[in-house]
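Chemist: the sequence and its predicted three-dimensional model are supplied below.
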Amino acid sequence: HGESFISPLSSTMAHEQPPPLNEGEEVQHVQEGVQVFVDDRGANGRGTLYVTTQNVRWKPEAAGGEALALGWRSVLMHAVSRDPNTFPHPCIYCQIHGCQEQLGGGAMADEEEVGMVDEDEQVNEVRFAVDDEQGLSVLFQVFSECQAMHPDDVEQDEGDFMFNVEEVEEGALAASMGQSAITGGG
């Protein structure tokens, strides 16, 4: 059945102080003992992952470590990875765009390339590796539910090929009944 994994935090997690949150941002899931890997670089250390209604946040255990906050609209996709031939740790694999400063620069090699590549088009691979492989399914579900709260904006320049079935059906019904159905009979 369609049970939601998003739930209020349990009292056992209350001791962990979350990073500063934006107005209206709520923590949906906390996962301790998470390592973050950006692109092909080594782990950024261990920390706590906070999946919120607005961001994926990671707070390092080590004092002075650099925290990470990725807005849901920057997450192009996420998936569960358990294959040790692909990556040595079970993890949530994400493709992130437009977060070069947050992720430490990215993979731009030559100065020539810098001028040719739009920062918003740069894509980084981020892996959130967990100690408990059993927790991956729940973590994936919470990622999915939070990301669904932030659907992609359809840019007007992209054309009208994306549509909502309900809107099309309502439009067809309104057209068959006259424009008054949409405007309220005005």
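Modeler: Structure received.

Chemist: what is the burial count for the nearest residue to Met149 once chain neighbours are set aside?
Modeler: Take Met149 and drop its neighbours on the chain: the residue closest to it by C-beta to C-beta, 6 or more residues apart in numbering is Thr53, 6.1 Å away. C-beta here means a position set from N, CA and C on the backbone, and glycine is covered the same way. By other C-beta atoms under 10 Å, the residues close to Thr53 number 17.

Chemist: for the one 4 residues further on, same thing?
Modeler: Taking other C-beta under 10 Å as the criterion, the count of residues near Arg57 is 22.

Chemist: so for whichever strand or helix holds it, mean pLDDT?
Modeler: In this assignment (DSSP states H and E), Arg57 forms part of strand 55-60. On average, the pLDDT along strand 55-60 is 94.

Chemist: run through who's touching that strand.
Modeler: Residues from elsewhere that reach strand 55-60, judged by C-beta atoms under 8 Å, 6 or more residues apart in numbering: 18-19, 22, 25, 34, 36, 44-51, 66-72, 75, 94, 128, 143, 146.

Chemist: looking at those residues, which are in strands?
Modeler: 34, 36, 44-51, 68-71, 75, 94, 128 (DSSP state E).

Chemist: surely Leu21 meets Val27?
Modeler: Yes. When contacts are counted by C-beta atoms under 8 Å, Leu21 is listed as touching Val27 (7.3 Å).

Chemist: compute the inter-axis angle for the strand holding Arg57 and strand 43-52.
Modeler: In terms of direction (axes from the mean of the first three to the mean of the last three C-alpha atoms, to 10 degrees), strand 55-60 departs from strand 43-52 by 140 degrees.
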